[in-house]
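1. build me a structure from this.
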Amino acid sequence: MSTGSVEQFQQSLSRLDTAWTVVSPDDLATTVADLVDPPAVGAELPFDDLSLAETPVTLGPSPAQLRDAVTGVTGSRMGIASLGTVAVEFRKEGDEFVALYPERHVVVIKASDLRSDLGDAFGWIRREFEADRQSFILATGPSSTGDMGALVQGVHGPEQVHIVIVRDNE
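-> Sure thing, here's the model as predicted:
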């Protein structure tokens, strides 16, 4: 994906008060370690060349570990640059639970997995559905609701989100 999409994604995230960091693949483990507040749980990343194995994150957490976790770390194979949105996939690794239960969610996404807008994102989603991968949450910033009056964060998901954008081809 072009540098323009990364910059647009960063601008969208900033408008949402969502923190972000851009890293090289070699710096991912150190960056994740710096971003997590323990105890931290995670779902193994959906990328062949990136892993959470060298981070202080418990992979495949038990229900008790998930309940006690402060930080959850997942990967995303699609982001929408114009909206600051990421797709959280339902996989056997537990991405949805890891993304929604802890108060802090750290998302790892490759720069090449950013789509410029909804039209591009819907094309990706269509191909995923055709491949029988049909359960995604499209998450934009921290969870918030205004249905009780004032805007409240963290009611239906994490209070804080940090997106780690991994540069490609380094």
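2. okay, CA-based contacts and neighbour counts for the rest of this
-> Will do.
3. which helix or strand contains D37?
-> Taking DSSP states H and E as the definition, one finds D37 inside no helix or strand.
4. going forward can the numbers begin at 414, since that is how I track them
-> Renumbered: residue one is now 414, and that last one reads D450.
5. state the pLDDT value of it.
-> pLDDT for D450: 96.
6. what sits opposite the spatially most central residue of the chain in the beta ladder?
-> Central residue check for the chain by CA atoms, centre = their mean: the C-alpha nearest the mean position is that of V520, 2.6 Å away. For V520, the beta-bridge partners are T487, I576 (DSSP bridges).
7. you'd agree it is up against H575?
-> Yes. Counting by CA atoms under 8 Å, V520 touches H575, with 6.3 Å between them.
8. residue ranges of the strands in the chain, please?
-> 432-436, 453-455, 471-472, 484-489, 492-493, 498-502, 517-523, 527-528, 549-553, 557-558, 565-566, 573-579 (DSSP state E).
9. okay if I get those strands as TSV plus distance to F542?
-> Listed next are those as TSV, based on distance: least, CA to CA, whole Å:
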stretch	distance to F542
strand 432-436	29
strand 453-455	24
strand 471-472	26
strand 484-489	16
strand 492-493	16
strand 498-502	12
strand 517-523	20
strand 527-528	17
strand 549-553	10
strand 557-558	28
strand 565-566	31
strand 573-579	25
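10. any chance of TSV for these, columns mean pLDDT?
-> Formatted as TSV, the strands of the chain follow (pLDDT from 0 to 100):
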stretch	mean pLDDT
strand 432-436	98
strand 453-455	98
strand 471-472	98
strand 484-489	98
strand 492-493	97
strand 498-502	96
strand 517-523	97
strand 527-528	98
strand 549-553	91
strand 557-558	48
strand 565-566	50
strand 573-579	97
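11. and those strands: which comes nearest S418?
-> strand 527-528 (6.7 Å; CA to CA).
12. what residues does the closest one touch?
-> The contact list for strand 527-528 (CA atoms under 8 Å, 6 or more residues apart in numbering) reads 414, 418-419, 422, 491-494, 534.
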